[in-house]
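# 3D model of this:
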Amino acid sequence: MPIENNNALDFKTFFLLYKDKVYKYAYLHLKEEPAAADLVQETFSRIWKKWAELDGNKNPQSYLYTIARNLVFDELRKQKVRFQFQASDIDQTKLVDNSNEEAIRFKDLERVYREAISKLPKARLEIFLLSKEEFLDNQEIADRLGISVNTVRDQLVKGNKFVRQYIIDHFEISIALLIFLNIF
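Next up is the predicted model:
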């Protein structure tokens, strides 16, 4: 369509001739009526701003489709970013939910662990606590308690075995977590 005098009447004719085509193109790609309608408005707004500068002998439809195409690509990029942000936000929510669950499970595990060690015989409990909570090695424990290193080692093996079995019997737990907690 040649532009005669680049006036408002020509723009209105141009708009009425191409608005539905731009809308269909936008809707085809964006799949949302409001987004497609906004894109039509933005496309023709940009054309109107340049209407007086358009050369009547050149193809204004080409300019129109270039603007519409670029706006569609921009909107698709924005939608992708929004989708990634929402997915990230959902993942963060899951992490928070999971971390709360994990914290509760860890507290339950800690409670069962404390129950288990409280059931150890007094001498074994003392050796176990010196090893696991004061981080003394077998020789240091033997020296402190005046017993042999072999007795310390034997009592730790029996204590670890009892605590491990107690936790397995009283708490759903994975072997990996037991290894992590250094109970094996």
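
# longest helix of this protein?
When the chain is parsed with DSSP state H, its longest helix is helix 60-118.

# what inclination does the following helix or strand past that helix have with respect to helix 60-118?
Heading C-terminal from helix 60-118, the first helix or strand you meet, by DSSP states H and E, is helix 122-132. Going by axes from the mean of the first three to the mean of the last three C-alpha atoms, to 10 degrees, helix 122-132 is angled at 150 degrees with respect to helix 60-118.

# Next, the buried residues of helix 122-132.
124, 127, 128, 130, 131, 132 (16 or more other C-beta atoms under 10 Å). The C-beta positions use only the backbone N, C-alpha and C, and glycine is treated the same way.

# any chance of these in CSV, plus pLDDT and distance to residue 169?
What follows is the buried residues of helix 122-132, written out as CSV (pLDDT from 0 to 100; distance: C-beta to C-beta, whole Å):
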residue, pLDDT, distance to residue 169
124, 93, 18
127, 92, 22
128, 89, 18
130, 89, 25
131, 86, 22
132, 80, 20
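
# avg pLDDT for stretch 17-32?
Mean pLDDT, stretch 17-32: 90.

# same question, stretch 145-154
Stretch 145-154 comes out at a mean pLDDT of 94.

# and residue 71, what does it touch?
26, 39, 42, 43 (C-beta atoms under 8 Å, 6 or more residues apart in numbering).

# try residue 133
Counting by C-beta under 8 Å, 6+ apart, residue 133 has no contacts.

# Look up how far residue 146 lies from it.
20 Å (C-beta to C-beta, to the nearest Å).

# so where's the protein shaky on pLDDT?
Residues of the chain meeting the criterion pLDDT under 70: 1-9, 55-58, 87-102, 171-184.
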